[in-house]
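# I'd like to go over a predicted model; first the sequence, then the structure.
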Amino acid sequence: MATRTEASSPVARAYVPGDPASGRGVVFAVVSLGLFMASIDGTIVATALHSLQTDLGAGIEWTSWTVTVYSLGQVLVMPLAGKLSDLYGRKRIFLVAVVVFTLASLGCGLSRSIGMLVVLRAVQSIGGGAFMPSATGIVSDAFGRNRDRAIGMFSSIFPIGGIAGPVIGGIIVANLSWRYVFFVNVPIGVLLLVFGLMVIPSGRKNPSQPLDVAGIALLGSFLLTAMLGITSVGDTPPGRFPVWAVVAGGAAVLLLVAFLAHTRRAEAPFIPMRLLRGRGFGVMNLVNFLWGSIAIGFSVLIPLYAQDRFGLDPLRAGTLLTARAVGMIVIASAATFALRRTGYRPPMLVGFVLVAIGLALMAWVPGSADPYTWMAVAGAVTGLGMGFAIPAANNASMQLAPESIAAITGLRGMFRQAGSITSVSVATAVVARAGDAGHTFQIVFLTLAVVLVAATGLIFLVPEHRGSW
């Protein structure tokens with residue numbers, strides 16, 4: 001383990017094999033490549049949906065599951081990967097994630113049916129969901145007192161992936177085949193495995209603590225049942241009672257109660273109760289769920305809104321997300337390095353307000369304005385807001401328990417992904433039952449903006465911190 005003096009240096013030294021204090025920049029680059037690969041895969045497949053329907057003879061209700069199951073899998077895997085990283089070592093879990101993701105990508109590209117592809121995408125999500133918790137733990141160990149800045153820099157990786165994914169996917173599908181959307185991960189994964197074995201230090205692990213299998217099973221069952229219940233609302237035809245949604249919702253409540261009861265009794269629970277509702281953690285979990293619902297989930301809806309309300313073609317509608325990602329990249333790095341002076345609350349407050357303004361602008365497009373230009377500006381405003389808020393939100397709870405940083409990261413990702421899937425499922429279910437989809441989307445965006453403004457009160461309960469930790 002690096003000494004405090006070594007770890008505090010912001011400049012990476014030349015890499016020396018076997019010296020965990022050296023080559024921090026190289027370590028950051030390697031784990032960032034894993035995060036970048038996973039972030040691209042969250043969007044690149046969307047460009048291949050039409051080709052999947054044609055080549056595999058499947059309807060949109062099945063091909064869309066290639067996107068949904070990837071998000072669902074990450075919701076389940078993130079907290080588990082965080083716990084396993086703390087128990088068995090960050091490097092080991094990261095490299096396992098690389099192997100699983102790479103092999104699943106190869107299998108996806110070789111799939112001969114939509115059912116096989118959906119199953120393999122679920123396997124792929126296991127690797128994708130394990131990257132962030134293990135990578136955060138690796139960087140935390142390598143950078144020591146500068147871990148807050150290094151972790152904050154992760155905020156720039158996912159929007160870059162969000163920009164690159166649709167572009168790379170479009171080029172591949174237009175010139176090759178949808179299969180190469182998955183095959184492209186294979187050589188990258190092999191390189192990542194080789195460099196990971198070479199440069200990532202082994203770090204610390206605590207295998208003596210038992211793994212709470214019952215807690216994992218209860219939490220996984222709750223999340224999966226809840227998400228399937230929400231998804232089934234959108235699948236229920238208008239005018240019919242969503243029986244399966246009610247059944248799944250009731251089962252999810254019972255599973256949640258059982259999980260919380262088990263967590264209180266267990267000697268070494270999968271997620272300690274203090275990380276769920278302890279000082280600072282309870283409010284951050286709620287903030288992350290709302291943030292995932294509003295700031296992250298709404299991005300999936302923007303292209304649909306642009307097409308339904310203004311008749312934009314799919315390509316122009318999709319590029320609206322580029323403006324949002326650019327806005328986020330522009331501000332995220334500066335906001336990360338300013339955290340030690342600003343603390344967590346001011347940038348989160350500014351970010352929440354800017355995202356709410358962007359959502360309101362997205363909903364209210366003047367008749368005299370060009371819809372594409374107006375919405376691109378609105379998207380950039382929301383991106384700026386995300387750039388302010390995400391680095392602070394990423395670090396706000398970690399300084400409360402640095403020894404459990406991977407578990408906290410997994411929990412944060414779980415709440416954000418769950419919030420995103422929830423908002424998208426509920427919004428699309430409402431739109432599906434509306435006569436005017438464009439107008440309904442407008443109401444949805446305004447509602448999200450109001451909820452986000454109301455949620456700013458939670459920021460004053462966020463644990464505050466300035467300086468390094």
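Arrived safely, thanks for sending. Given the structure is predicted, the values throughout are model-derived calculations rather than measurements.
# So what does the residue located most distally from the centre of the chain have for phi and psi?
Centroid-distance maximum for the chain: S368 at 36.5 Å, with CA atoms, centre = their mean. Dihedral angles of S368 (phi, psi; degrees, to the nearest 10) stand at phi -80, psi -10.
# Show the model's pLDDT score for it.
Looking at S368, its pLDDT is 84.
# could you pull out the helices for the stretch 151-300 of the chain?
Using DSSP state H, counting those that start in this stretch, the helices of the stretch 151-300 of the chain run over 157-175, 180-183, 185-199, 213-235, 243-265, 273-277, 281-291, 298-310.
# JSON lines for the ones you listed, including mean pLDDT, distance to F352 and mean neighbour count?
(Each C-beta comes from the backbone N, C-alpha and C, glycine too.) Formatted as JSON lines, these follow (pLDDT from 0 to 100; distance: least, CB to CB, whole Å; neighbours: other CB atoms under 10 Å):
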{"stretch": "helix 157-175", "mean pLDDT": "72", "distance to F352": "18", "mean neighbour count": "19"}
{"stretch": "helix 180-183", "mean pLDDT": "88", "distance to F352": "35", "mean neighbour count": "22"}
{"stretch": "helix 185-199", "mean pLDDT": "90", "distance to F352": "35", "mean neighbour count": "17"}
{"stretch": "helix 213-235", "mean pLDDT": "76", "distance to F352": "24", "mean neighbour count": "19"}
{"stretch": "helix 243-265", "mean pLDDT": "88", "distance to F352": "27", "mean neighbour count": "16"}
{"stretch": "helix 273-277", "mean pLDDT": "75", "distance to F352": "22", "mean neighbour count": "16"}
{"stretch": "helix 281-291", "mean pLDDT": "86", "distance to F352": "8", "mean neighbour count": "21"}
{"stretch": "helix 298-310", "mean pLDDT": "74", "distance to F352": "13", "mean neighbour count": "21"}
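# circling back to that earlier point, and the residue farthest from the centre of the chain, how far from S105?
47 Å (CB to CB, to the nearest Å).
# can you check L56 too?
L56 sits 17 Å away from S105 when distances are taken as CB to CB.
# Between the two, which is the more surrounded one?
The neighbour comparison of L56 against S105 (other CB atoms under 10 Å) goes to S105, with 26 against 18.
# all strands for the stretch 301-450 of the chain, in order.
Counting by DSSP state E, counting those that start in this stretch, the stretch 301-450 of the chain forms no strands at all.
# where does it have low pLDDT?
Within the stretch 301-450 of the chain, the segments meeting pLDDT under 70 span 314-315, 318, 402-404, 406, 425, 428-429, 432-435.
# try the stretch 51-200 of the chain
Across the stretch 51-200 of the chain, the ranges flagged by pLDDT under 70 are 59-62, 64, 148, 152, 154-156, 158-159, 162-163, 166, 170.
# quick one: secondary structure of R112?
Secondary structure, DSSP: H, G, I helix; E, B strand; the rest coil: R112 is coil.
# OK, contacts around it?
By CB atoms under 8 Å, 6 or more residues apart in numbering, the residues touching R112 are L56.
# So what does it have for phi and psi?
The phi/psi pair for R112 (degrees, to the nearest 10) reads phi -110, psi 0.
# before we move on, what about L84?
Backbone torsions of L84, given as degrees, to the nearest 10, read phi -70, psi -30.
# That one - how many residues pack around it?
L84 sits with 24 neighbouring residues when counted by other CB under 10 Å.
# List the contacts of it.
93, 130, 211.
# Would you quantify the distance from T68 to A266?
According to CB to CB, T68 stands 31 Å off from A266.
# still on that earlier bit, A122 is nearest to which of the helices of the stretch 151-300 of the chain?
A122 lies closest to helix 213-235 among these, at 10.7 Å (CB to CB).
# Give me the buried subset of the contacts of L84.
For those, a neighbour count by 16 or more other CB atoms under 10 Å gives the buried set as 93, 130.
# Surely A164 is in contact with I40?
Yes. In this structure, A164 is within contact of I40 by CB atoms under 8 Å, at 5.7 Å.
# before we move on, the earlier item: please produce a markdown table containing the helices of the stretch 151-300 of the chain, extended by distance to A376.
Shown next, in a markdown table, are the helices of the stretch 151-300 of the chain (distance: least, CB to CB, whole Å):
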| stretch | distance to A376 |
| --- | --- |
| helix 157-175 | 14 |
| helix 180-183 | 26 |
| helix 185-199 | 30 |
| helix 213-235 | 28 |
| helix 243-265 | 36 |
| helix 273-277 | 39 |
| helix 281-291 | 23 |
| helix 298-310 | 10 |
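# so which of the ones you listed gets nearest Y344?
helix 281-291 (9.7 Å).
# List the buried residues for stretch 31-41?
For stretch 31-41, burial by neighbour count (16+ other CB under 10 Å) applies to 31-41.
# What is the nearest of the contacts of L84 to R179?
After measuring the contacts of L84 against R179 - CB to CB - the closest member comes out as A130, at 24.3 Å.
# SS state for the closest one?
Assignment for A130 (three-state DSSP): helix.
# Enumerate every residue touching it.
Applying CB under 8 Å, 6+ apart, we find A130 in contact with 77-78, 81, 84, 93-94, 96-97, 100.
# now do F222
252, 255-256, 259.
# now, which of the buried residues of stretch 31-41 lie within helices?
Per DSSP state H, helices hold the following members of the buried residues of stretch 31-41: 31-41.
# what would the residues you listed look like in CSV with distance to M362 and pLDDT?
Formatted as CSV, these follow (distance: CB to CB, whole Å; pLDDT from 0 to 100):
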residue, distance to M362, pLDDT
V31, 34, 85
S32, 30, 84
L33, 33, 86
G34, 32, 84
L35, 28, 82
F36, 27, 84
M37, 30, 83
A38, 27, 80
S39, 23, 78
I40, 25, 80
D41, 26, 76
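# Out of the residues you listed, which is nearest to V118?
Distances from V118 to these, taken by CB to CB, are shortest for D41, at 14.5 Å.
# hang on, the earlier thing: list buried residues within the contacts of A130.
For the contacts of A130, a burial check counting by 16+ other CB under 10 Å picks out 77-78, 81, 84, 93-94, 96-97, 100.
# Okay, and which of the residues you listed map to helices?
Among these, the residues falling in helices (DSSP H) are 77-78, 81, 84, 93-94, 96-97, 100.
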